[in-house]
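Colleague: here is the input, now give the coordinates:
(2 chains)
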Amino acid sequence: MNRLHRYQLADHAILILGILFLVTPLWVVFASSTYPAEYLIRHGLQVIPGDQLVETYWSVLTEKKGFTEQITAARMLLNSMILGVGFAIGKIAISMTAAYAIVYFRFPLGTFLFWVIFSTLLLPLEVRIIPSYKVVADLGLLNSYTGLIVPLIASATGTFFFRQFFRSVPEEVLEAAKLDGAGPIKFFIDILMPLSKTMMAALFIIMFVVGWNQYLWPLLMTTNDDYVTIVYGIKQVMQNLDESRIPEYNRGFALAVLALLPPIGIVLIFQKMFIKGLLESDK
Amino acid sequence: MKRVHFGHSPIPYVFVLPQMLIIGVFFLWPSFEAFRLSFFLEDPWGLSNQFVWFDNYWDVISDENYRAVFFSTVIFSAVVALLSIILALLFAVKVDGLLRLSSTYRPFLTWSYAIAPAVAGLIARFLYSPQIGPLYDFLNQFSTDTWFEPRLDAMDAWLVLASGSIWKQISVNFVFLVAGLQAIPRNVLEASLLDNPNGFRRFWSITLPLLAPTLFFLLVINISYAVFETFGVIDTVYPFGPPSGAQTLVYKVYVDGFKGADLGGSSAQSVILMVIVLLLTVVQFRYIEKRVHYT
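Modeller: Now for the predicted structure:
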């Protein structure tokens, strides 16, 4: 019994070290963001929070100065919110309807279309960024929310997620609905959508985080500061910090903390659903 | 496919149409363009386009620099994938072994999924910063000259990039591994407990083989993460470009195509990357078929 106890203690020690490994860097960044820039330059990063919390964050959120000459962090947060929510909703909408057609209908082009959708899994956006950029530029969609969101939606992960779920819905559901005289559209809206509520929520959480965290695509797409997302804003911070004489580290850190809060909040608050979504979307 | 279906109607076409349109415009068209451009040589002013057969591919493959980047991408991906899986496995096994309190630990090991690679890059950058970084001071305190210099030295740069990338990735693996461990039938574990009191050997000979499908799946996911998504880490740790020798294939596609305006060469690199992803996916699906077979 005593030996068992000691093993357990070692297990706890390992887990606590693991948590410290994950949490400490973020904590240090947060604590340091509450000091004046000059203090950080003289004394390095800080572990105990200082007294400039409100000042730093208020100035980052509301003032267009320093590295963010054209845009406030509040506006960047809004852009990220639009990207995250638009990406998640768009993805759920198109993939749910497509999966419905593929699972519940037998139509001549069905199998072919399924393989076309499937092929998008093979090539992530990163390997075709330059031609994608050209297409979006040709369509006049640079510096627009449409251009920011829609090209990111063109992948099949969501479709597979719903295909898997629809196939697990018992056959009797459709048989009963048909007996009651429900047509395809009524069945989709009145029966399948309510049944899919949890799945939609789970996918929404995953996709919101994925959309919010996009970096490379917004970087290419946005030349106008009005559309800068907060994650892309990080790069501008870095460039400015490298160039300025008294780098405003505190403001840079505050921006990083602001970029992290919404996705971390969602993951923690909806933890169960998040895990469900992650495990079933396989990414 | 269901046994019961709706009859013939135009409705399925209407329902797949939005996705097909988006895929057509933003996936098939650009993919085709990448393929087409990789056979052309565009002059720097974009005035003329010359069909050059496989010259771009030949230039890429025979370029020593490209081969070096290829090689370091392979090493970097392997290190990031393996270390983040191994660390996550350690935590998952420990959490799974705890009877009580295991649910207390879980959120603390899960939240970091939400960290964007670009933010991980920012944090790594400052922890290793010569001006204010504690890790920079720590690594340099053992010698009189500064032997750790991530702004100039490629190896040191890889250390910064890898630790940032691993730090962000542990939680994804943790979630999948905890689920994988929970799926192992309890009676199998109890039986093995009677046979084999040595905890490590039990883990090695029972738990690990049963976890193999999850581990294999994670290996594919992690390699693809390390190859593609770490762009955000590199580009924020080094907003003006990493020291020479510390870039990945995706970073090079971006630099050559956008900064260097070498469309043909960059497209040829894209197509080579596509082939790599294709191979990864084939491997992944062969394994998934196997898994379906077993259950």
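Colleague: what's the closest non-adjacent residue to B:Asp59?
Modeller: Nearest non-adjacent residue to B:Asp59, counting by Cβ to Cβ, 6 or more residues apart in numbering or on different chains: B:Gly265, 6.1 Å away. C-beta: built from backbone N, CA, C; applies to glycine.
Colleague: host element of that neighbour?
Modeller: Here B:Gly265, judged by DSSP states H and E, is contained in helix B:263-294.
Colleague: now do the buried residues in that helix.
Modeller: Using 16 or more other Cβ atoms under 10 Å in any protein chain shown as the test for burial, helix B:263-294 gives B:263-274, B:276-277, B:280-281, B:284, B:287.
Colleague: what's the answer for stretch A:94-114, then?
Modeller: A:94-105, A:107, A:110, A:113-114.
Colleague: same question for stretch A:162-169: list its buried residues.
Modeller: Residues A:162-163, A:165-166, A:169 are the ones in stretch A:162-169 that count as buried (16+ other Cβ under 10 Å).
Colleague: contact partners of that stretch?
Modeller: Outside stretch A:162-169, the residues within contact range by Cβ atoms under 8 Å, 6 or more residues apart in numbering or on different chains are A:95-96, A:99-100, A:102-104, A:192, A:195-196, A:199, A:203, A:280, B:2.
Colleague: what does the average pLDDT come to for it?
Modeller: Averaging pLDDT along stretch A:162-169 yields 90.
Colleague: quick check, central residue of the chain?
Modeller: Went with chain A since none was named. With distances taken as Cα atoms, centre = their mean, A:Val209 lies nearest the centre of chain A, 2.1 Å away.
Colleague: was after chain B, sorry
Modeller: Nearest to the mean C-alpha position of chain B, counting by Cα atoms, centre = their mean, stands B:Tyr225 at 1.4 Å.
Colleague: quick one: contacts for that residue?
Modeller: The contact partners of B:Tyr225, by Cβ under 8 Å, 6+ apart, come to B:80-81, B:165, B:169, B:172.
Colleague: repeat the analysis, applying 7 Å as the threshold.
Modeller: B:Tyr225 makes contacts with B:Gln169, as judged by Cβ atoms under 7 Å, 6 or more residues apart in numbering or on different chains.
Colleague: ramachandran coordinates for it?
Modeller: Main-chain torsions, B:Tyr225, degrees, to the nearest 10: phi -60, psi -50.
Colleague: how much space between it and B:Phe32?
Modeller: To B:Phe32, B:Tyr225 is 26 Å away according to Cβ to Cβ, to the nearest Å.
Colleague: where does the chain dip in pLDDT?
Modeller: Since no chain was named, I'll use chain A. Chain A contains residues with pLDDT under 70 at A:1-7, A:65-69, A:282-283.
Colleague: not quite, go with chain B.
Modeller: Counting by pLDDT under 70, chain B shows low-confidence ranges at B:1-4, B:43-48, B:99, B:287-295.
Colleague: next, the buried residues of stretch B:36-44.
Modeller: Buried positions in stretch B:36-44, judged by neighbour count with 16+ other Cβ under 10 Å: B:37-42.
Colleague: please save the CA atoms from that stretch in CSV.
Modeller: These are the backbone C-alpha positions of stretch B:36-44, laid out as CSV (Å, rounded to 0.1, in the frame of the first residue of the first chain):
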residue,chain,number,x,y,z
ARG,B,36,0.2,24.4,-65.0
LEU,B,37,2.5,27.2,-63.7
SER,B,38,5.1,24.6,-62.7
PHE,B,39,5.8,24.0,-66.4
PHE,B,40,6.3,27.6,-67.3
LEU,B,41,9.0,30.2,-66.9
GLU,B,42,7.7,33.7,-66.4
ASP,B,43,10.1,36.5,-66.9
PRO,B,44,10.4,38.8,-63.9
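Colleague: that older thread, what packs against the helix holding B:Gly265?
Modeller: helix A:129-138, helix B:29-37, strand B:40-42, helix B:55-62, helix B:208-224, helix B:249-254 (3 or more Cβ pairs under 7 Å, 6 or more residues apart in numbering or on different chains; DSSP states H and E).
Colleague: the helix or strand following the first one close to chain B?
Modeller: Right, helix A:129-138. Counting by DSSP H and E, the next helix or strand C-terminal to helix A:129-138 is helix A:145-153. Yes. Helix A:145-153 lies within reach of chain B by Cβ under 7 Å from any Cβ of the partner chain, at A:150-151, A:153.
Colleague: cool, stretch A:194-211 as well?
Modeller: Yes. Interface with chain B: stretch A:194-211 contributes A:Val209 (Cβ under 7 Å from any Cβ).
Colleague: work out the gap between that stretch and the centre of the chain.
Modeller: Distance of stretch A:194-211 from the chain centroid (Cα atoms, centre = their mean, to the nearest Å) equals 12 Å.
Colleague: which secondary structure elements does the one helix or strand B:Ala124 maps to contact?
Modeller: Under the criterion of DSSP H and E, B:Ala124 resides in helix B:117-127. With contacts taken as 3+ Cβ pairs under 7 Å, 6+ apart, helix B:117-127 sits against helix A:2-32, helix A:230-243, helix A:249-269, helix B:154-182, helix B:231-237.
Colleague: let's see it at 10 Å
Modeller: With contacts taken as 3 or more Cβ pairs under 10 Å, 6 or more residues apart in numbering or on different chains; DSSP states H and E, helix B:117-127 sits against helix A:2-32, helix A:216-221, helix A:230-243, helix A:249-269, helix B:134-140, helix B:154-182, helix B:231-237.
Colleague: that older thread, format the buried residues of stretch A:162-169 as TSV; extra columns: distance to B:Pro130.
Modeller: Below are the buried residues of stretch A:162-169 laid out as TSV (distance: Cβ to Cβ, whole Å):
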residue	distance to B:Pro130
A:Phe162	50
A:Arg163	51
A:Phe165	51
A:Phe166	55
A:Val169	58
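Colleague: inside helices: which ones of those residues?
Modeller: Judged by DSSP state H, the subset of the buried residues of stretch A:162-169 located in helices is A:162-163, A:165-166.
Colleague: mind checking how far the nearest residue in space to A:Val23 that is not next to it in sequence is from A:Phe30?
Modeller: In this structure, A:Val23 finds its nearest non-sequential neighbour in B:Phe108, 7.0 Å apart by Cβ to Cβ, 6+ apart. Distance, B:Phe108 to A:Phe30, by Cβ to Cβ: 16 Å.
Colleague: give the contact list for A:Leu83.
Modeller: Residues in contact with A:Leu83 (Cβ atoms under 10 Å, 6 or more residues apart in numbering or on different chains) are A:145, A:148-149, A:152, A:208, A:211-214, A:217-218, A:227, A:229-232.
Colleague: okay, now the closest residue to A:Phe105 other than its chain neighbours: neighbour count?
Modeller: Spatial nearest neighbour of A:Phe105, excluding adjacent residues (Cβ to Cβ, 6+ apart): B:Pro12 at 3.8 Å. As a burial measure, B:Pro12 scores 26 neighbours (other Cβ atoms under 10 Å in any protein chain shown).
Colleague: repeat that for B:Pro239.
Modeller: 21.
Colleague: so it, which state does it fall into?
Modeller: Following DSSP: H, G, I helix; E, B strand; the rest coil, B:Pro239 is assigned to coil.
Colleague: surely it is in contact with A:Gln239?
Modeller: Yes. Using Cβ atoms under 10 Å, B:Pro239 is in contact with A:Gln239, at 4.5 Å.
Colleague: sorry, back to before: would you list the residues of helix A:145-153 next to chain B in JSON lines and tack on neighbour count?
Modeller: As requested, the residues of helix A:145-153 next to chain B are exported to JSON lines (neighbours: other Cβ atoms under 10 Å in any protein chain shown):
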{"residue": "A:Val150", "neighbour count": "21"}
{"residue": "A:Pro151", "neighbour count": "25"}
{"residue": "A:Ile153", "neighbour count": "25"}
